[in-house]
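Q: Requesting a structural model of the entry that follows:
(one chain, ligands or ions: 2)
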Amino acid sequence: MTTHDANPCLDCGACCAYFRISFYWSEAEANGLPPELTEKVNPWLSCMAGTSQRRPRCIALGGEIGQTVACTVYAQRPEACREVQAGDEKCERARLHHGLPPLNPLPQAA
Ligand code: SF4
Ligand code: SF4
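A: Ligands and ions are numbered 1, 2, ... in the order given. As a prediction, this is how the structure comes out:
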């Protein structure tokens, strides 16, 4: 088994280029996220830069979606990023959007 088999996120990155990754503005400072990697949404919310545009892609995502990717601020990433788990509903939605196969395919009807 390769590392990528063990962690499907390493050759995916779909959820970093599908949702707006927003958070209460002070979370960025508390996590040590560089301000230039965030954008203001409103007086209360900020988001990862690049994720509120029509075709979202987080500025902190390195690599190519569906190939090899890495979060360049992994330790400082906001809670919203940590909430998405490989194989959950949000993950599967993002993967589908990017044309990647589901991690938990539905069983075939008999
Ligand atoms: S969409 Fe799923 S598999 Fe892909 S990076 Fe996000 S959590 Fe990981
Ligand atoms: S901060 Fe990292 S984990 Fe979160 S959306 Fe950006 S690249 Fe993905």
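Q: Quick check: which ranges of this protein have low pLDDT?
A: Applying pLDDT under 70 to the chain picks out residues 1-5, 107-110.
Q: Regarding it, what is its longest helix?
A: Counting residues, the longest helix in the chain under DSSP state H turns out to be helix 89-97.
Q: Are that helix and ligand 2 in contact anywhere?
A: No - using CB under 6 Å from any ligand atom as the criterion, no contacts between helix 89-97 and ligand 2 are found, and the smallest distance is 10.3 Å. Glycine gets a C-beta too; all of them are placed from N, C-alpha and C.
Q: hmm, who's touching that helix?
A: Contacting residues not belonging to helix 89-97 are listed as 12, 14-15, 17-19, 83-85, 101-104 [CB atoms under 8 Å, 6 or more residues apart in numbering].
Q: Go through the helix or strand containing Arg82 and flag the buried ones.
A: Following DSSP states H and E, the helix or strand that holds Arg82 is helix 79-83. When neighbours are counted by 16 or more other CB atoms under 10 Å, the buried residues of helix 79-83 are found to be Ala80, Cys81.
Q: Give me the helices and strands touching that helix, please.
A: strand 22-24 (3 or more CB pairs under 8 Å, 6 or more residues apart in numbering; DSSP states H and E).
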